[in-house]
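1. Turn this into a structure:
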Amino acid sequence: MVSSEQRRRQLAREKYERQMERRAAAAAARRRRNTILGVSLAVVVLAGGGTLFATGAFSSDDKDKKDTAQAAPTQPAATDASAPPAPTRKPVEGCADPAPGKPNGKQWQAEPAMTLDASGTYTATLDTNCGKVTIALDAAKAPHAVNSFAFLSGEQYFDHTKCHRLTTNGIFVLQCGDPTASATVPGGTGGPGYKFADENLTGATYPAGTVAMANSGPGTNGSQFFLVYKDTQLDPKYTPFGKITGGLDVLQKIAAAGTLEGRPDGHPMADVTLNSVTTAKG
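-> Model (predicted):
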């Protein structure tokens with residue numbers, strides 16, 4: 001006959017064995033999760049070199065600003081000896097400090113009314129801290145894109161914004177037009193509050209000098225655009241609306257300096273800022 005003390009010890013031993021089994025199962029699950037995470041990160045890093053566009057290289061989506069801000073990486077504590085050092089920005093020849101000022105961040109509920117003369121000629125001037133870039137805008141083939149760009153530049157919307165993304169492998173562009181972007185925190189989510197349809201996509205190509213709209217899918221154009229500094233192969237999904245007529249060498253100099261992070265896709269090493277953007281007819 002089993003005594004009460006023997007029964008108590010048996011129950012305690014069985015409880016202990018169950019606890020050990022649960023702990024072992026939890027440890028195995030953690031190992032599997034960490035393995036999967038490591039593989040996922042490796043895939044992301046490898047994809048960054050050659051398939052950037054397939055994962056939305058020129059995304060311009062402002063619907064998740066709050067989540068993006070919350071997910072932004074924090075700087076490692078100074079006392080954390082195991083943390084990797086923060087990237088160091090190096091001077092780039094020909095680039096000065098940006099002009100003082102901040103983006104005004106204006107927002108609108110709807111695309112601006114069409115005031116463009118589609119038969120006229122328009123020239124945009126990007127006055128950057130690394131030099132001037134002039135663009136002949138194609139009002140005839142992309143009237144909505146040019147009308148929006150002229151409207152936003154007239155509202156000083158682009159002034160003091162960062163060109164937040166440089167790609168140097170597979171696709172060769174500098175992306176600008178996001179008022180929420182900074183020199184250190186990934187941008188790409190900012191916009192003017194409205195979106196407009198794609199244009200000029202039939203047979204579209206992206207040779208060096210092309211200026212085109214960034215988007216997050218069909219009909220999602222806003223304020224972000226990219227400047228092509230070297231012939232680039234892309235699917236015709238991004239509205240071309242202008243051609244660089246001066247300052248292509250400025251972009252090539254920015255590209256030659258590479259990215260702050262040392263990757264083929266990241267912030268420009270040059271802290272490229274649009275000090276001012278203007279659009280003039282004629």
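2. in the stretch 1-150 of the chain, which segments are predicted with low confidence?
-> Within the stretch 1-150 of the chain, the segments meeting pLDDT under 70 span 1-9, 16, 24-85.
3. For it, which segments count as strands?
-> Secondary structure of the stretch 1-150 of the chain by DSSP state E, counting those that start in this stretch: the strands cover 122-128, 131-137.
4. With mean neighbour count as added columns, please give those in CSV.
-> No exception for glycine: its C-beta is placed from N, CA and C like everyone else's. Formatted as CSV, these follow (neighbours: other C-beta atoms under 10 Å):
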stretch, mean neighbour count
strand 122-128, 21
strand 131-137, 20
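5. Let's have the ones you listed in a markdown table, adding distance to Y157.
-> Converted to a markdown table, the strands of the stretch 1-150 of the chain look like this (distance: least, C-beta to C-beta, whole Å):
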| stretch | distance to Y157 |
| --- | --- |
| strand 122-128 | 13 |
| strand 131-137 | 16 |
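6. Looking at the chain, which strand is longest?
-> The longest strand of the chain (DSSP state E) is strand 273-281.
7. and of the strands of the stretch 1-150 of the chain, who's closest to E261?
-> Among the strands of the stretch 1-150 of the chain, strand 122-128 comes nearest to E261, with 20.6 Å by C-beta to C-beta.
8. Run the angle between that closest one and strand 273-281 for me.
-> Strand 122-128 and strand 273-281 meet at an angle of 160 degrees, taking axes from the mean of the first three to the mean of the last three C-alpha atoms, to 10 degrees as the criterion.
9. Adjacent strands (with direction) for strand 122-128?
-> Using DSSP bridges, strand 122-128 pairs in its sheet with strand 131-137 (antiparallel), strand 273-281 (antiparallel).
10. for A118, what are its contacts?
-> Neighbouring residues of A118 by C-beta atoms under 8 Å, 6 or more residues apart in numbering: 139-140, 143.
11. Now the buried members of these.
-> 139, 143 (16 or more other C-beta atoms under 10 Å).
12. and which of the contacts of A118 is nearest to K132?
-> Out of these, the member with the shortest distance to K132 (by C-beta to C-beta) is A139, at 21.2 Å.
13. That closest one: what's it in contact with?
-> Contacts of A139 by C-beta under 8 Å, 6+ apart are 116-122, 146-147.
14. Turn those into a markdown table, including distance to V133.
-> What follows is those, written out as a markdown table (distance: C-beta to C-beta, whole Å):
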| residue | distance to V133 |
| --- | --- |
| L116 | 21 |
| D117 | 23 |
| A118 | 24 |
| S119 | 25 |
| G120 | 21 |
| T121 | 17 |
| Y122 | 15 |
| V146 | 16 |
| N147 | 20 |
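15. Of the residues you listed, which belong to helices?
-> 146-147 (DSSP state H).
16. Just the buried residues out of the contacts of A139, in PyMOL syntax.
-> Applying 16+ other C-beta under 10 Å to those leaves a buried subset, and the PyMOL line that selects it is:
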select buried, resi 116+122+146+147
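17. Sounds good, over and out.
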